[in-house]
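>>> I'd like to go over a predicted model; first the sequence, then the structure.
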Number of protein chains: 2
Amino acid sequence: MTEDKAEKVPQSIKGPGIKKGLVIVNTGDGKGKTTAALGVLFRAWGRGMKVRMFQFIKNSGSRYGEQRAAEKIGIPILALGDGFTWLSKDLEQSGALAAQQWDNCKEALLSGEDDLIVFDEMTYALQYGWVSTEEVIETLKQRPKMLHVIITGRGAPQELIDYADLVTEMTEIKHPYNDQGIKAQPGIEF
Amino acid sequence: MTEDKAEKVPQSIKGPGIKKGLVIVNTGDGKGKTTAALGVLFRAWGRGMKVRMFQFIKNSGSRYGEQRAAEKIGIPILALGDGFTWLSKDLEQSGALAAQQWDNCKEALLSGEDDLIVFDEMTYALQYGWVSTEEVIETLKQRPKMLHVIITGRGAPQELIDYADLVTEMTEIKHPYNDQGIKAQPGIEF
């Protein structure tokens, strides 16, 4: 309940007095779930907070824009161990990798080393049952009080939504691939 | 229509063959509009693109997380000239400042110096009529072909949505201020 006097919080955006780490979920079928998480990561890094991102989907063999940017400024982005993507035919292998990544996440959650951790596209692993939603929530409850966590991905399970502090749904109103046949743009979408 | 051979675009996310600068609108009442724009900025910067952000609302007297982060890595974030916020009682002054900021935006749009420009929370200026939506669209049409533009803010005008390539609506499903009386967290929300 103490005010953080070191931070110059503009009066206009002061909320009520409770301070705690937030569990934030970005879900829905639209763009911007991962991107908004990256924005928070960047903003938090700007304030000198210790931040990390675990990715559950992106192909770690490619160097995406966010990975290049994060590398440049020293934000760890931890991808899965191999070229795992949702085009993978081998679901069993995908499941094993997702479970392994969750072990890394769990260790990070409980380590007390970070101020903000992002679990990017984790919801798919929950949907497939490769990672237990119940275990995720139990682990979130045990994390350090001020640690913020962002979980992204379509179709977040209702239990996770119920537990989270802040949930945003991104909805696609208009998309250039469908409407105009425009290709994905490097630097903008990946 | 030419493929960019220099970029290693993963096969899985290749779209059809058209390449052009996108006009992206992040709107809706939920969180993540500005944050997602920051994420794209960061990602594009990671790919070595030239990026800039113009802010129409944030109090330039405060140093928000994104401004600190952008400063650290040399991304220009151009705020309004004084402590203009939406709590300002002097709407006439607000209008003059918004119009002046639009002049800066217009110059940037036509200069050909950037790969990506963000007009953060510009929609308010459009809603109040301080900046003409028609003029914005006309200027967007005159911009360099490959320049990406992101416009954020609630209540984007329908004409702008019609013109844009990619429109996402952020909807608030659950918010900690309302539900739990939790204050805004430095580094996370600003």
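Nice, I can see it.
>>> report the buried residues of stretch A:125-134.
A:Ala125, A:Leu126, A:Trp130, A:Val131, A:Thr133 (16 or more other C-beta atoms under 10 Å in any protein chain shown). (C-beta placed from N, C-alpha, C; glycine too.)
>>> same question for stretch A:156-164.
A:Ala156, A:Pro157, A:Leu160, A:Tyr163, A:Ala164.
>>> residue contacts, the residue lying closest to the first one once chain neighbours are set aside?
With C-beta to C-beta, 6 or more residues apart in numbering or on different chains as the measure, A:Thr27 is the residue that lies nearest to A:Ala156, at 4.1 Å, once sequence neighbours are left out. The contact partners of A:Thr27, by C-beta atoms under 8 Å, 6 or more residues apart in numbering or on different chains, come to A:33, A:123, A:152-156, A:161, A:167-170, B:173.
>>> repeat that for A:Gly46.
Contact analysis of A:Gly46 by C-beta under 8 Å, 6+ apart lists B:Tyr64, B:Gly65, B:Glu66, B:Gln67, B:Arg68, B:Ala69, B:Ala70, B:Glu71, B:Lys72, B:Gly187.
>>> please name the nearest non-neighbouring residue to it.
Using C-beta to C-beta, 6+ apart, the nearest residue to A:Gly46 is B:Ala69, at 2.6 Å.
>>> just confirm that neighbour is within a helix.
Yes. B:Ala69 forms part of a helix when assessed by DSSP: H, G, I helix; E, B strand; the rest coil.
>>> that one: what's it in contact with?
Going by C-beta under 8 Å, 6+ apart, the list of residues near B:Ala69 reads A:Phe42, A:Arg43, A:Trp45, A:Gly46, A:Arg47.
>>> A:Leu126 contacts A:Gln158, correct?
No. Using C-beta atoms under 8 Å, A:Leu126 makes no contact with A:Gln158, being 10.9 Å away.
>>> what about chain A, any weak spots by pLDDT?
Residues of chain A meeting the criterion pLDDT under 70: A:1-18, A:58-63, A:81-90, A:176-183, A:190.
>>> strands of that one, start to end?
With DSSP state E as the criterion, chain A has strands at A:23-27, A:51-55, A:77-78, A:116-120, A:148-152, A:166-174.
>>> hang on, the earlier thing: list the beta-bridge partners for the residue nearest to A:Ala156.
Per DSSP bridges, the residues bridged to A:Thr27 are A:Glu169.
>>> hmm, back to that, return the member of the contacts of B:Ala69 nearest to chain B.
A:Gly46 (2.6 Å; C-beta to the nearest C-beta).
>>> tell me who's in contact with A:Trp45.
Taking C-beta under 8 Å, 6+ apart, one finds A:Val51, A:Ile73, A:Ile75, B:Ala69 in contact with A:Trp45.
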